[in-house]
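Novice: need a structure here:
(one chain, ligands or ions: 1)
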Amino acid sequence: MAKLRGPHLSTPLTLLGSDRDALLRGDETILEPGEDVRYLVSRAGAVSLREDEDGTLHASLETEDPRGGTRQPLVLLGRREGYRVLGVEVPEPSPELDDPGRDLRDLRRIADRLHERDADLAAAAVAMGFWHRSMRHCPQCGAVLEAEMAGWVLRCPEDGTEQFPRTDPAVIMAVRDAQDRLLLARNAHFPTGFHSVLAGFVEPGESLENAVVREVGEEVGVIVEEVEYMGSQPWPFPRSLMLGYRAWAAGSAELTLQDEEIAEARWFTREELAAALEADEIQLPGSASMGRALIDDWYGRSAQK
Ligand SMILES: [Zn+2]
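Specialist: Residues are numbered from 1 along each chain as shown. Purely as a prediction, here's the structure:
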């Protein structure tokens, strides 16, 4: 695998050197059935897995076409060990179409147990599954779109316009004050006790750096003057790319919370965070998330088991 230069945080979904065999997508026979085809099933953020004796999870590659005669698009996810791996997003289970012996698990919850060889496959399967689930009609004329390029392009048969899978950039930032305290907040939509660093979507026409500064200003009224990029991870639920930053507050550390968005927020020293975790007053995001990687980066080690 390739190595990155500079300060860098990664999560189980940040991988370098995986191969999606994108150059094969133009081959019109690449999705045809064959002895060398394996199917990877996804459904609304979950992916089909099998578990090792030691608890490690692997992509479950099936030999039979799981579409059961439906017209779900196939997506070439790449080649593994000589097999063409084709992603298939399946609909909700029904009496006609259940999941015989299939173990579908939410990628958000299990990413830290996934074998690293399969993380990119699983993330791509989930991301492309969400896209094919939501993108069915031409935004120009409403005609039903047709898949091309091994499932990576959808074309309108009426006006020829092409749709490509989208990724929405979101910044996530660990804000520190002059005393090196960390800002943690509870989003109004989070359960009680659940705290994380701030995050928000990048707006059209905005740089990543400006998005960090704007979001922190809007959500807690703190002025950020310095940011440092730390790493990224896909977060295909349904289509985000998380870009992680360290950020430093300038001047006052006084917090003014945006009511609808932020339920609580406060600065923590490392000792205060340890005490709050020990007392079970707060919970942190799971170890597969960029938010958690940023918290641990500030803390100096894993803040929570
Ligand atoms: Zn159209």
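Novice: so how many other residues sit close to Glu81?
Specialist: By the criterion of other C-beta atoms under 10 Å, Glu81 has 9 neighbours. (Glycine included, C-beta is placed from N, CA and C.)
Novice: Any idea which helix or strand in this structure has the lowest mean pLDDT?
Specialist: Of all helical and strand segments in the chain, the minimum by mean pLDDT, DSSP states H and E falls on helix 107-110, at a mean of 92.
Novice: Give me the residues contacting that one.
Specialist: By C-beta atoms under 8 Å, 6 or more residues apart in numbering, the residues outside helix 107-110 that reach it are 45-47, 49, 57, 114, 122-123, 126, 236-237, 286, 288.
Novice: tell me which residues in that helix are buried?
Specialist: Of the residues in helix 107-110, Leu107, Arg108, Ile110 count as buried by neighbour count, 16 or more other C-beta atoms under 10 Å.
Novice: Pull up the gap between Asp180 and Ala211, please.
Specialist: According to C-beta to C-beta, to the nearest Å, Asp180 and Ala211 sit 24 Å apart.
Novice: Compare those two (neighbour count), which wins?
Specialist: Under the neighbour definition other C-beta under 10 Å, Asp180 and Ala211 were set side by side, and Ala211 has more, 22 against 11.
Novice: now for the helix or strand harbouring Val212, which elements pack on it?
Specialist: Assigned by DSSP states H and E, Val212 falls within helix 208-220. On a contact count with 3 or more C-beta pairs under 8 Å, 6 or more residues apart in numbering; DSSP states H and E, helix 208-220 meets strand 168-176, strand 182-187, strand 198-201, strand 224-235, strand 240-249, strand 262-268.
Novice: is stretch 128-140 up against the ion anywhere?
Specialist: Yes. For stretch 128-140 and the ion, the contact criterion (C-beta under 5 Å from the ion) is met by Cys138, Gln140.
Novice: Would you mark the buried spots in that stretch?
Specialist: Within stretch 128-140, the residues scored as buried using 16+ other C-beta under 10 Å are Met128, Gly129, Phe130, Trp131, His132, Arg133, Cys138.
Novice: shaky segments in this protein?
Specialist: 1-2, 17, 94-100 (pLDDT under 70).
Novice: now the strands: where do they sit in the stretch 51-200 of the chain?
Specialist: Ranges of strands in the stretch 51-200 of the chain, per DSSP state E, counting those that start in this stretch, are 57-59, 74-80, 83-89, 104-106, 146-148, 153-155, 162-163, 168-176, 182-187, 198-201.
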